[in-house]
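In: dropping the sequence and predicted coords here.
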Amino acid sequence: MRSHYCGQVNESLIGKEVSVAGWVHRRRDHGGVIFVDLRDREGLLQIVFDPDDKGTFADAERLRGEFCIRIKGVVRARPGGTANSNLASGQVELLCKELEILSRSETPPFHHDEPVNEELRLKYRYLDLRRDVMQKRIRLRHAVTRAMRDYLDNNGFIDIETPMLTKATPEGARDYLVPSRTHPGQFFALPQSPQLFKQLLMMAGYDRYYQIVRCFRDEDLRAERQPEFTQLDIETSFLSEEQIMQLMEALIRSIFKTVLGDDLPNPFPRMTYAEAMRRYASDKPDLRIPLELVDVADLVKDSEFKVFSGPAANPDGRVVALRVPGGARLSRKEIDDYTTFVGRYGAKGLANVKVNEKAKGREGLQSPILKNLSDDAVNGILSRTGAQDGDLIFFGADTAKVVNDAIGALRIKVGHDLKLTKTGWHPLWVVDFPMFEWDPDSKRWAALHHPFTAPRIEDAAALRADPKNALSKGYDMVLNGSEIGGGSVRIHRTEMQSTVFDLLGISAEEAQIKFGFLLEALKFGTPPHGGIAFGLDRIVMFMAGTDSIRDVIAFPKTQTAADLMTSAPTGVSEEQLKELHIRVKLPVKVEG
């Protein structure tokens, strides 16, 4: 039907007859000569219809936007001064000899080059995907997955599929459940990740596994989340934590170099979880923003200012200072807006000090809190933060969680608002995560990563004796303030796995019900193993320069987990429900 794509027609084909097919991108009538920009996945090609060819010219007059057509014609150079250097085919045009209208189009709900709200784009996603920007994003995604496969194939990894219908296991989010017709009252779960299966593959001796796999989590959504998402899942045997990290770091460098031509740092910097929280109040710090938190509790613990001294004396409290270079120029309203902003994270206020003339000491500062701070405290804060004339110092004082949430978010917002953000890619490994975190609601330990992560300590008895200070062999890869991959070395001994389950409040009976197959497999010579999972959607989102993963997924869901194009989810017939032994009981609406 066609001999060339539109974007492949160039000067080398001048004088030759070619066939092309695609969609009418734009139609123009210039003084009796009709021009059509024909579009396919490779680009645009200008088609010329000569009025002397009355048959094709009459057909061309009926063409409208998004008609699907086939053209046969002769390639010729564009007349002088009409070339378009922005197009691969911009030096030539195709003089039409034959026109076939393959399919007509109604007037589309939006034009290819006009701003469109996302709801309309998702409803007519098949039209949205025709747009040049979406074509580039989806092809970028293909290039990324191809680069992933090439690297992993060349490094001895084997692509192995794992089940979509599996068993519900605790992964941190709600499962999507699938009722079984053949087992009444029983349910499969769609996998939140292939975690247990890839560990079983290591036990089965496959040594290096990978899979580009769909995962499902029924959780609250936002721009970087979808109910169904794709990850690059990887597991290895007989490699140390250091070897795994080096191999995975090289993978990401290879992808960025192959697809974008960008060189990422070699090696990636590393930071412990404790340092990341201390300096940035986040376990995924954005290193593009050159602002850091400084602890000042020791400087203000004896202050009469209870807002500071109270948290400073609390073992679970934290008092920090955040220096903003040039921040003294911020208006009262801007500072009030920041105070409102941190209030969303539980902060009760936002104390601040403007540094007008540092050399004058207290007299060169501006703040109502100064009268409550000693000279030693003031001088210590100025020295520790490195404050200079024209700076502003924000303070956070509350429980460590509130301070970290509020001032950590403030750091990001101020950095962006004041255009302090550096350009380029800033990757980071975060390591030495705590093995457990205390859940005050359930009053028991919870796994910071997942319950199969190995602790740094090798002795189960020692872990049981001091779970609070135990560190894990977990590692996260962070890029520009977002986690793009997370993994760990896994537990490969039954005694340690049982100890971890016990510390997490998972009884032997519950463990057997939920993970019995894994515990059984651990008895048969399990090799040391570990792995990682990368968020494919998020990586492509960054590389495409957009801020929503919906922009790099062909058919995404909305933030309410709905598909506007297919109108999913929908109800099903009573017959289907009866086959599945299910009855739907909707919540009663309370009038009021």
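Out: That came in fine, so what should we check first?
In: which ones are touching the residue nearest to Glu483 when sequence neighbours are not counted?
Out: Distance criterion Cβ to Cβ, 6 or more residues apart in numbering; nearest residue to Glu483, sequence neighbours excluded, is Lys284 at 4.8 Å. Where C-beta positions appear, they are placed from N, C-alpha and C, glycine not excepted. By Cβ atoms under 8 Å, 6 or more residues apart in numbering, the contact set of Lys284 is 276, 430, 476, 478, 481-483.
In: return the subset of these lying in strands.
Out: Using DSSP state E, the members of these that fall in strands are 430, 476, 478, 482-483.
In: need the residues you listed in JSON lines with distance to Asp563, can you?
Out: Shown next, in JSON lines, are these (distance: Cβ to Cβ, whole Å):
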{"residue": "Val430", "distance to Asp563": "35"}
{"residue": "Asp476", "distance to Asp563": "31"}
{"residue": "Val478", "distance to Asp563": "31"}
{"residue": "Ser482", "distance to Asp563": "25"}
{"residue": "Glu483", "distance to Asp563": "27"}
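In: check those and tell me the two furthest apart.
Out: The span of those, defined through Cβ to Cβ, is set by Val430 and Ser482 at 11.9 Å.
In: residue ranges with poor pLDDT in the protein?
Out: For the chain, applying pLDDT under 70 flags the ranges 170-172, 221-223, 591-592.
In: so in it, which strand runs the longest?
Out: strand 17-30.
In: quickly note the distance from Ser567 to Pro179.
Out: 21 Å (Cβ to Cβ, to the nearest Å).
In: between these two, which is the more surrounded one?
Out: Higher neighbour count among Ser567 and Pro179: Pro179, with 16 against 9, using other Cβ atoms under 10 Å.
In: list the contacts for the nearest residue to the more buried one once chain neighbours are set aside?
Out: Spatially, and ignoring its direct neighbours in sequence, Pro179 is nearest to Leu580 (4.4 Å; Cβ to Cβ, 6+ apart). Leu580 is in contact with 179-181, counting by Cβ under 8 Å, 6+ apart.
In: end to end on stretch 445-461, go ahead and measure it.
Out: 16 Å (Cα to Cα, to the nearest Å).
In: contacts for it, please.
Out: 170-172, 195-196, 199, 432-439, 463, 467, 470-474, 486, 488-492, 495-497, 499-501, 503-506, 518, 530.
In: mind running it again at 6 Å?
Out: Residues from elsewhere that reach stretch 445-461 (Cβ atoms under 6 Å, 6 or more residues apart in numbering): 433-437, 439, 463, 467, 470-474, 488-491, 495-496, 499-500, 503-504.
In: biggest helix in this structure by residues?
Out: Using DSSP state H, we find that the single longest helix of the chain is helix 132-154.
In: got phi/psi on Ile101?
Out: Backbone dihedrals for Ile101, given as degrees, to the nearest 10, come out at phi -80, psi 110.
In: oh, that last question was meant for Glu61, not what I typed.
Out: Dihedral pair for Glu61: phi -70, psi -20, per degrees, to the nearest 10.
In: kindly report the same for Phe188.
Out: Torsion angles, degrees, to the nearest 10, at Phe188: phi -90, psi 160.
In: and the gap between Lys473 and Leu428?
Out: Separation of Lys473 from Leu428 (Cβ to Cβ): 18 Å.
In: I meant Asp132, not that one.
Out: On the measure of Cβ to Cβ, Asp132 and Leu428 end up 34 Å apart.
In: looking at the two, which is more packed in?
Out: Leu428 (22 against 14).
In: three-state assignment of the more buried one?
Out: strand (DSSP: H, G, I helix; E, B strand; the rest coil).
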